[in-house]
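Student: here's a sequence, model it:
(one chain, ligands or ions: 1)
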Amino acid sequence: MDHLRSRLLAWFDRAQRDLPWRRHPSPYAVAVSEFMLQQTQVATVIPYFNRWMQRFPDWSALATAPESTVLKAWEGLGYYRRARLLHGLAQRVVALPGGELPRDPVALRELPGIGPYTAGAIASIAFDVPAAAVDGNVERVLARVFDERGDFAMPATRARIAAKAAALVRDERPSAYTQALMELGALVCLPRNPHCALCPLHALCARPDPARVPKKSRTTTTRESETLAWIVEEGGLFLQPPGTGPRWPDFWKLPVWEESMMVPADAPRPVGLTYGITRYRVAATLQPGSWARASQPELCRVPLEALGELLLPAPHRKLIGRMLGQDGKSGQLQAPVVAGSLAKAAND
Ligand code: SF4
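Tutor: Numbering: from 1, shown residues only. Sure, this is the predicted structure:
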């Protein structure tokens, strides 16, 4: 075990990436990065993290911000529950003695949004407290090193790996060790093609077939399709305001296409994309059209120039971007371009 730690730490000292939350690893910065990195790639998180730290530089700034502002800053990262939990965490932290997170992983787990993994990550990375933090990357590395053949959909398999991770914890450099294990999973021990020849654990690892370890039984995905309406009148797009519809209750949304109330237009052309939400894979089409009769009272006509300011679900924002000829990848609609894009779309 000590060989594994020393090799890993030596590798981390020379190979670690320069990530913004590593430059000034305050408990706040570490917590923000950990919330953002759940189910989201590092490259996607970096610009969001940098903007977030400028806008909400500490717990107090985040705690006093309106929820709509916090959700808007999170827009495009997905899984908005994380933003609400982080906001709720800030409000709890500013009320704590000293206005800071506790160091103890057990006390951390009492706070909103902090489970066993996040508690271990914050305690070790931010406070240098010896604590295990087992995320997907760490599970993969340890499953391969220790040749764990069990199914990771089963709690017993996860518990065995958690016990191995706990047994590896030492007082020496807990912050670097936690990050090193995560970094190895992110850069070297990749899910499909691990770079075993470059790995510092090469001589210690069981190196099973990466297609078989870690084993995870598949969850069933349900496929759906939906058609959404693009109806523009007098420079305004009809949208459902927040508080309506079963999905994304806090967001402005494109309305669902209704055959009985809408008439398809020949131009511009429909656009589409596929997105995932929980266990669904949804093929969405944005259909241009007009009203067959009076518009629905729960819809609002929003000036196109104002779309960049609204909180929109990422798939809807991307569809609108595609309809307007924007790339839809930048995370934000470009408000000044919107009016010009509409004119171009109408003339095409
Ligand atoms: S030797 Fe290969 S399988 Fe083992 S930890 Fe390193 S990269 Fe992963």
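Student: can you count the residues close to Gly185?
Tutor: Neighbour count of Gly185, defined by other C-beta atoms under 10 Å: 21. All C-beta atoms are positioned from the backbone trio N, CA, C, and that covers glycine.
Student: can you classify the closest residue in space to it that isn't next to it in sequence by secondary structure?
Tutor: Leaving aside its chain neighbours, Gly185 sits nearest to Asn137 (2.6 Å; criterion: C-beta to C-beta, 6 or more residues apart in numbering). Using DSSP: H, G, I helix; E, B strand; the rest coil, the structure places Asn137 in helix.
Student: and Asn137, what does it touch?
Tutor: Asn137 makes contact with 181-182, 184-186, 189, according to C-beta atoms under 8 Å, 6 or more residues apart in numbering.
Student: from the ligand, how far out is it?
Tutor: Applying C-beta to the nearest ligand atom, to the nearest Å, the value for Asn137 to the ligand is 10 Å.
Student: what of Gly235?
Tutor: 56 Å.
Student: closest one of the contacts of Asn137 to the ligand?
Tutor: The ligand has its nearest neighbour among those in Cys189, at 3.2 Å by C-beta to the nearest ligand atom.
Student: can you check the pLDDT for the nearest residue to the closest one once chain neighbours are set aside?
Tutor: Counting by C-beta to C-beta, 6+ apart, Val141 is the residue found nearest to Cys189 once chain neighbours are left out, at 4.7 Å. Turning to Val141, the model gives it a pLDDT of 96.
Student: how is this protein divided into domains?
Tutor: The record's domain parsing of the chain by automatic domain parsing lists 2-204, 222-347.
Student: sorry, back to before: thought the residue nearest to Cys189 was touching Leu181?
Tutor: Yes: here Val141 reaches Leu181: they are 6.1 Å apart, a contact under C-beta atoms under 8 Å.
Student: quick check: residues of the stretch 1-150 of the chain near the ligand?
Tutor: Contact residues, the stretch 1-150 of the chain versus the ligand (C-beta under 6 Å from any ligand atom): 141, 144-145.
Student: swap in 8 Å and give it another go.
Tutor: 140-141, 144-145 (C-beta under 8 Å from any ligand atom).
Student: wait, which of those residues is closest to the ligand?
Tutor: Distances from the ligand to these, taken by C-beta to the nearest ligand atom, are shortest for Arg144, at 3.8 Å.
Student: and that closest one, what does it touch?
Tutor: Taking C-beta under 8 Å, 6+ apart, one finds 189, 194, 205-208, 210, 213-214 in contact with Arg144.
Student: could you rerun that using 10 Å?
Tutor: Shown in contact with Arg144 (C-beta atoms under 10 Å, 6 or more residues apart in numbering): 185, 189, 194, 196, 199, 201, 205-210, 212-214.
Student: in ChimeraX, select just the buried ones from those residues.
Tutor: To isolate the buried ones among the contacts of Arg144 in ChimeraX, judged by 16 or more other C-beta atoms under 10 Å, type:
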select :185,189,194,199,201,205,207,208,210,213,214
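Student: from the contacts of Arg144, which one has the minimum pLDDT?
Tutor: Minimum pLDDT across the contacts of Arg144 falls on Pro208, with 79.
Student: that one reaches Arg149, doesn't it?
Tutor: Yes: taking contacts as C-beta atoms under 10 Å, Pro208 lies within contact range of Arg149: 7.5 Å.
Student: overlap of the contact sets of those two?
Tutor: 143, 214-215.
Student: which residues are in contact with the residue nearest to Gly243 when sequence neighbours are not counted?
Tutor: The shortest distance from Gly243 to any non-neighbouring residue, by C-beta to C-beta, 6+ apart, is to Pro249 (6.4 Å). Taking C-beta under 10 Å, 6+ apart as the criterion, Pro249 is in contact with 80, 242-243.
Student: out of the residues you listed, grab the one that's most surrounded.
Tutor: Tyr80 leads the contacts of Pro249 on contacts (other C-beta under 10 Å) with 19 neighbours.
Student: for stretch 212-225, how far is the first residue from the last?
Tutor: Terminal residues of stretch 212-225 are spaced 33 Å apart (C-alpha to C-alpha, to the nearest Å).
Student: neighbouring contacts of that stretch?
Tutor: Contacts with stretch 212-225, where a contact means C-beta under 10 Å, 6+ apart, come from 136, 139-154, 157-158, 161, 191, 206-208, 272, 274, 276-285.
Student: 7 Å - rerun?
Tutor: Stretch 212-225 is contacted by residues 139-140, 143-144, 147-153, 279-283 when judged by C-beta atoms under 7 Å, 6 or more residues apart in numbering.
Student: out of those, which sit inside helices?
Tutor: If you go by DSSP state H, the contacts of stretch 212-225 have 139-140, 143-144 in helices.
Student: mind putting the residues you listed into CSV with distance to Leu304?
Tutor: Shown next, in CSV, are the ones in helices among the contacts of stretch 212-225 (distance: C-beta to C-beta, whole Å):
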residue, distance to Leu304
Glu139, 46
Arg140, 45
Ala143, 50
Arg144, 51
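Student: looking at those, which is nearest Leu85?
Tutor: Glu139 (22.3 Å; C-beta to C-beta).
Student: tell me who's in contact with that closest one.
Tutor: 152, 161, 214.
Student: so which of these are in strands?
Tutor: In strands, judged by DSSP state E, none of the contacts of Glu139 are found.
Student: okay then, goodbye and thanks.
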